[in-house]
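Student: Whatever this is, show me its structure:
(chains A, B and C)
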Amino acid sequence: MRAVVLLLLLVLELAVFASVSGADVSTVSGIVGYLELKFLDLIPGLAPVLVLSVGMTLVLVTAGIDLSVGSMLALVAAVMSCCEGGTSFWFTAVPLGLLVGVGLGMFNGALVSRLDIPPIVATLGTMIFYRGLCQVVMRDAERAPFFDVPGYEWLGGFSGSLILLGLVAGAGGWFWSRSRWRRELLLVGGNRVAARYAGVPVDRRLVETYAVMGGLAWLAAVCFTARNGAVNASTATGLELKVIVAVVLGGTRVEGGRGSLLGSVLGAFLVAVLDDGLREAKGWSDEHLPFEVSHLRYLLLGLLLVSGVWLNTRVGRRDAD
Amino acid sequence: MILSRMTSPVRRRLFWLVAGNATLLVVIFACLLPGDTFAGAVSRLGTVLVDTPRNMAPEMLAAIGLTAIIWTGAIDLSIGSVVAVGGAVFAMGYSHEISPVMCFAGCLLAAGGLVASNGLLVRWLKIPALIITLAGLAAYRGVALVLVNLGVPGFDGNLTVPEEIYRVPGRDWAGWILVAAVGTAVVSELFFRTPRLWLAHGSSSSACRLHGLDLSRLSVTAFLFGGLYVGLGAMLYVSNQQTIDPARMALGFELSVIAAVVLGGTNIFGGEGSFLGTVLGVLFLYLARQTLVYALDDVHARQAFEGALILGVIGFDCVLHRVEHRMEELK
Amino acid sequence: MQPTTLSVVPGEVLGLVGENGAGKSTLIRLISGVLRPDAGELRWRGNRVVLDTPRRAIDLGIATIHQELEYCGHLSVAENMMLGETWPTGWGRWIDWPALKEEARSRLERAGCDVAVDMEFSRLTAVEKQLVAIATSLARDARLLILDEPTASLAAPDARRLIEHLKTIRDSGVAIIYVSHRLDEVLELSTRVAVLRDGEMVHLADSGELDGPGLVREMIGRSLQHVFPRTRSREDDEQAGVLLRVEGLAREGLFTDVSLEVRAGEVVGLAGLVGAGRSELARAIYGLYRADSGTMELLDRPWSPRSPWEALQAGLVYLPEERKRHGLVADHAVAPTLAIGIRDRLTRWGLIGRAQERARVAGMISDYDIRCSGPDQIVGTLSGGNQQKALLARWLERDPKVLLLDEPTRGVDVGAKAEIHSMIDRLAAAGHGVLLISSDLPEVVGMSDRVLVMSRGTLVADLSGELQTEREVLQAAAGLVSGITGDFP
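Tutor: All right, here's what the predicted structure looks like:
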């Protein structure tokens, strides 16, 4: 039922932005054309948020949260940008980035599991810490070696992004839904003590979850830099908000014990359509509104979150997986 | 006597914070000493300390407000954006030649009102405070931007407020306002019933319900109290700035406030904590930043150290109780 | 719940018994104002009342002490006791703390309880929390006290203390409704007993007219021939191999120098007071934490587990004491709750086959007679007995060699209790070894081949044969504490 609500919201969003951007949606071919265009446009931009949403869903299932994803993405991108461009990039920067991403994630996991720091506090701290490290690495500079790397830009294009997303959300999702790991995470999030009594290695699972989040942050960094080509000290600030909105909209609860990857994917689409639509609507808004429409983005993001969660609680509870 | 009403983790944290703050003062002094006489270093330390209330005030007031909210088991992530709205309202008033008093009052009411309405929304919509205020974090920032664009003629990204009179609350009165506000808070937690009831709410809302306490009222009063203090903090924040830039002002403010509250010993899930601890926590973070300024030349490394410090202090305290916590958990 | 007519007079104790699902909780909730009746009326002291909120009931003088006590753990005893009331103030609205504490102290004294009023509430022991809760209600002029399973988590002397306390309260003119599965307590304490079955009251009589078996008969509509099934032979199986051997096991602050053996086909009972260290011992054997010293042997091999998972792989399972806190996720369905127990058996290449899982779960539901509407029913809505059966089923499906069962029939109705007992009996008959930790004296004496008694962290007795009586167990458990009466009804 939740998925239906999300799809409806998505359709509503698309309709609103279609009319505002002046596209021709009066005929069926017009609608199809519009949707095709949207899809082509959206996928590359959507990729980082979607990849992170997948990871965030896992973290939320364990009754945790990760506020540091934006900082992780930036730090990974920053570390990667320190390497030389060219073909060797694939063998130096990319694996290094993965190592850094997973390492940062494991650090989060260690804080949460071994030190018993509540996730919101731990990742609040690492959000500040990782961003600080990013500043140390970048130092006011903006580096852009990414487009000098053969084949890298393709990842940021439509087909590259689509394949990556298909792998992560599609194949990853399929494995996830059938995995034993998922069962154990659901138990960890549902009742941590019961998980211990049932023989689940809780600490290890938590570290694994946050490590996966870190690895996905690396993937998101790749998607991001493949599209933007550059990184600076304030890259991806505020990204975690979008990701959490997407996941919570998708029906995953903050209390843990339940989660829906499908919901998170749809939620990520909702957020991406919002972003993109507002950008398109600039022309319309300059005519009709006394303020910039990008200001509306924040407002609408908040409203979307509240209305989505409110609708979800009204629509009722079901084990959504 | 007073301390006996605090739970033991909170008491322990107070002790560590007092020790920590003293240590930081010594470290700052040690950084000031090289290249100067003892007396000279002391006077420079004095200058630093004299500036402290003014610079620390917005954060400390907001932290006290947030502490009360967290005690009841809720949270408010939108504080930074709320301050931005306060700034926007102030800017609107300023640009229309409204008197300084009214401008500041408007700022206070706008910021405080938003926090209070967070509380009302949580009650009315029955959605967790985390979600409502997360949405607020985004939405209120947008509201601030829309307001300045609509209400300030010719707004081009930021507004400069050069007149000295607007500095008065933030510069001249900050110390007094801080002492009065902090004093009221600390006294109220010692002698009044409502703060204990906020703690009760966070400790077990079902027990409170059974004893006939009105949970809605408690929750709303906590947000009202929070709103008052955040509003005051917003007012002082705005008056401390020369320029008002709603897109960037107080960005990340809520994070350092939450960090300070948690550092101060308040349990993030509610039920235990103390205003005194929050005060010491804010002071600790402030002194830590100052230490970094004097001890570390590298501007870029400062934030990293701050993050590491927050993690270190909290992690250290959590590690101390880890074994005890684990055994408790299994019972 | 069917139309029921009931009355309680001052100074009497009305015992309320019935299987889970019989309607006891519904009745209690109707009387305490949590639920509103569809029909009929409530009369309090002759006047018709409508209890729309629990607060209204409390104001009238109806106090309910629930099984799961609700309290603010971070606040002091005094503050918890005075929570809903106006606190004594000094000048202005400042709280007069000394006066508050004095008021709390005097209330506790009047109720015959001595607990430090300054203490953090969460630091009190279980029985102290109950007593404070009762004292709080009495101080609020409660005329009717409803107690829901008050002794479920208490061992014998604590339960005794509570019951004597309740007798004093009864004699002072307060009316009590006493809901409990411990039929002996109900019979001892009550003036009259009401039996509920399937939502209606099937019997209401003076307690003198009924005895335990009679009550059970009314409750379930049939008589139980064997309360404690024993299909296996009672002969000494010295030949049987030792499955689990523990020697000199110790962990600081929890237990010291514990040595025991569990043989194949044996049920070893482990009795003792709450706090004797029995559950902690079991957790150490299971691998939840390490012992400081001593050795263990499982199936003739040295055993020092680093985690519960090792235990599960080796054929040792542990059923925890508190199923809600340590066993279940209330939101989850029956299927994942059962499947998690055999997750390694269902997994190939890290994935679990859906069809295979469904089949195994369906098998478990029918084999262990878990009454539910289907594998998708939320486990939190099952009755206590079925929840316990589910938790037991997921371990039994692994075919473990040694089972550590911690209070397996606590808070479980008579029918399910019998089913669990026969499960344990069948396990022993099949050659498995069971360590049965229980505070239910008849159960531990009746089910076990031998009874070990722990007191304050050490083993104080090893009883079997003629010595294996409730009285001997109780005396051993109480150790050197004086004042415990030898007779237990």
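
Student: what helix or strand is the residue lying closest to residue B:33 once chain neighbours are set aside on?
Tutor: Spatial nearest neighbour of residue B:33, excluding adjacent residues (Cβ to Cβ, 6 or more residues apart in numbering or on different chains): residue B:41 at 4.7 Å. C-betas here are computed from N, CA, C, even on glycine. For residue B:41, the element it lies in under DSSP states H and E is helix B:38-71.

Student: mind listing what's buried in that helix?
Tutor: Neighbour counts over helix B:38-71 (16 or more other Cβ atoms under 10 Å in any protein chain shown) mark B:41, B:44-45, B:48, B:52-71 as buried.

Student: Span of stretch C:293-313 from start to end?
Tutor: End-to-end span of stretch C:293-313 (Cα to Cα, to the nearest Å): 23 Å.

Student: mind listing what's buried in that stretch?
Tutor: Residues C:294, C:296-299, C:303, C:305, C:307-308, C:310-312 are the ones in stretch C:293-313 that count as buried (16+ other Cβ under 10 Å).

Student: related to what we said a few turns ago, which helices and strands sit right next to the helix holding residue B:41?
Tutor: With contacts taken as 3 or more Cβ pairs under 8 Å, 6 or more residues apart in numbering or on different chains; DSSP states H and E, helix B:38-71 sits against helix B:8-32, helix B:79-95, helix B:100-125, helix B:174-191, helix B:193-203, helix B:215-239, helix B:253-263, helix B:275-295.

Student: mean confidence score for that helix?
Tutor: Helix B:38-71 shows a mean pLDDT of 90.

Student: With stretch C:117-132 instead?
Tutor: 86.

Student: need the strands for the stretch 1-150 of chain C, in chain order.
Tutor: C:13-18, C:42-44, C:47-49, C:62-65, C:144-148 (DSSP state E, counting those that start in this stretch).

Student: Any chance you could list what contacts the longest one?
Tutor: I take that to be strand C:13-18. Identification of contacts with strand C:13-18 by Cβ atoms under 8 Å, 6 or more residues apart in numbering or on different chains yields C:6, C:8, C:24, C:27-28, C:166, C:170, C:175-181, C:183, C:186-187, C:189-197, C:207, C:215, C:219, C:413.

Student: make it 6 Å
Tutor: For strand C:13-18, contacts defined as Cβ atoms under 6 Å, 6 or more residues apart in numbering or on different chains pick out C:8, C:24, C:170, C:176-179, C:186, C:189-197, C:219.

Student: how close does residue B:17 get to residue B:175?
Tutor: If you measure residue B:17 against residue B:175 using Cβ to Cβ, to the nearest Å, the figure is 21 Å.

Student: Next, the buried residues of the helix or strand bottoming out on mean pLDDT in chain B.
Tutor: Here the helix or strand of chain B ranked lowest by mean pLDDT, DSSP states H and E is helix B:322-330, holding a mean of 74. Within helix B:322-330, the residues scored as buried using 16+ other Cβ under 10 Å are residue B:330.

Student: now the angle between helix B:8-32 and it, please.
Tutor: Here the directions of helix B:322-330 and helix B:8-32 differ by 160 degrees (axes from the mean of the first three to the mean of the last three Cα atoms, to 10 degrees).

Student: Need the contact partners of helix B:322-330.
Tutor: Helix B:322-330 has contacts (Cβ under 6 Å, 6+ apart) with A:116, A:193.

Student: same check, this time on stretch B:57-74
Tutor: Stretch B:57-74 has contacts (Cβ under 6 Å, 6+ apart) with B:76, B:79, B:129, B:174, B:178, B:181, B:185, B:198-199, B:201-202, B:219, B:222, B:225-226, B:229-230, B:232-233, B:236-237, B:257, B:260-261, B:266, B:270, B:273, B:275, B:278, B:282.
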